[in-house]
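Engineer: What shape does this take:
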Amino acid sequence: MTDPGTAWSWLGSGWPRAWRPDTVVFDVDGVLIDTRRSFRLAVQDVVVAAQRLAGRPRPWRPGAGDIARLKARGGFNSDIDCSVHLTRLALATVRGVPDVAQPAAARDAPPGADGADPSLIERLFAERYWGPEAFARHFGEPARHFTAPGLRAGERLLAPPGLLPALTARGVRAYGLITGRTTLETDAALEFLNWPRGTFAAGAVVTGEELLKPDPAALHRVVHACGTTRGLFVGDVRDDAQLVRRYRERPGAADVRLVLVGPLARRPGTWGADAGLRTVAQLPELLDHLGSPG
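Structural biologist: You can find the predicted model right below:
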């Protein structure tokens, strides 16, 4: 399967003939919404701010590539966890540039024992993402650490406006979301996408406050809520692939396949994916191909 022009896509072997999903489950960030100018920048700004609050006069600022390597490595679906990890690495590095491939202090270490207090970093992250006005409105108190406009304004849609109707026309009857976002951030994403909550069955939206990928219980919950027989999970990072793999290992698991989108999906078979797309906008075309008899 190919797409005209500069787009690219691939389909792995092993798909049954005329196989189409009845359920599509999406990750949000990097799949439906481009968060490179929001969450990714927030991680960078928060790591710098946390170092300054810990007394580091010349803080290290992680690059976009550092964050991408963590995401590709897996285990950092939450941007809060990513920020805590990078802050711990920065504070533990006396000279030179921290190596993001190295492990940081244990996640169960006493809060703030290494200068990286997860609760403070969570607060910093919320302030930077929402901005002072929205932070005060949502959390009932003024922002204390950031005065610049919130980074949420930098988000861009990756999902085209007619995506869900196009999938429904091709036989998809149920939709789910599994995201590392908080419930508040998820509601904001749905508003941005113009996808009403009523689009999803009860239990078909799982946030990072409930279960974090790659815990297969998240996908099990959505599959159960949707009554899935054949499903596609659409993701973009290693944690998404591990989520699907671990779910498939559960007894009685439904037939759920993994579609990767974005730059990490370019190589066929990445992380055991069943298909790769340049963008989620190609998903209807993939379903057309899967539904063809040849």
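Engineer: where exactly do the helices run in the stretch 1-150 of the chain?
Structural biologist: Secondary structure of the stretch 1-150 of the chain by DSSP state H, counting those that start in this stretch: the helices cover 39-53, 64-73, 79-92, 118-130, 132-139.
Engineer: next one: the first one to chain centre, how far?
Structural biologist: Put plainly, it is helix 39-53. 19 Å (Cα atoms, centre = their mean, to the nearest Å).
Engineer: what does the last one give?
Structural biologist: Helix 132-139 has its average C-alpha position 23 Å from the chain's average C-alpha position, going by Cα atoms, centre = their mean.
Engineer: ok, residues contacting it?
Structural biologist: Contact with helix 132-139 is made by Ala126, Glu127, Trp130, Pro142, Ala143, Phe146, Thr147, Gly150, Arg152, Leu184, as judged by Cβ atoms under 8 Å, 6 or more residues apart in numbering. Every C-beta, even on glycine, is put in place using the N, C-alpha and C of the backbone.
Engineer: nearest to Gln282, of these?
Structural biologist: Arg152 (26.6 Å; Cβ to Cβ).
Engineer: now the closest one: how far from Ala68?
Structural biologist: 20 Å (Cβ to Cβ, to the nearest Å).
Engineer: Could you check which of these two is surrounded by more residues?
Structural biologist: A count of neighbours by other Cβ atoms under 10 Å puts Arg152 above the other of Arg152 and Ala68, at 20 against 16.
Engineer: contacting residues for the more buried one?
Structural biologist: Per Cβ under 8 Å, 6+ apart, neighbours of Arg152: Ser38, Tyr129, Trp130, Gly131, Ala134, Ala188.
Engineer: Try it again at 7 Å.
Structural biologist: Taking Cβ atoms under 7 Å, 6 or more residues apart in numbering, we find Arg152 in contact with Ser38, Tyr129, Trp130, Ala188.
Engineer: Contacts only, for the second one.
Structural biologist: Taking Cβ under 7 Å, 6+ apart as the criterion, Tyr129 is in contact with Ser38, Phe39, Ala42, Gly150, Leu151, Arg152.
Engineer: For the fifth one, which non-adjacent residue is closest in space?
Structural biologist: By the measure of Cβ to Cβ, 6 or more residues apart in numbering, the closest residue to Leu151 outside its immediate chain neighbours is Ser38, 4.4 Å from it.
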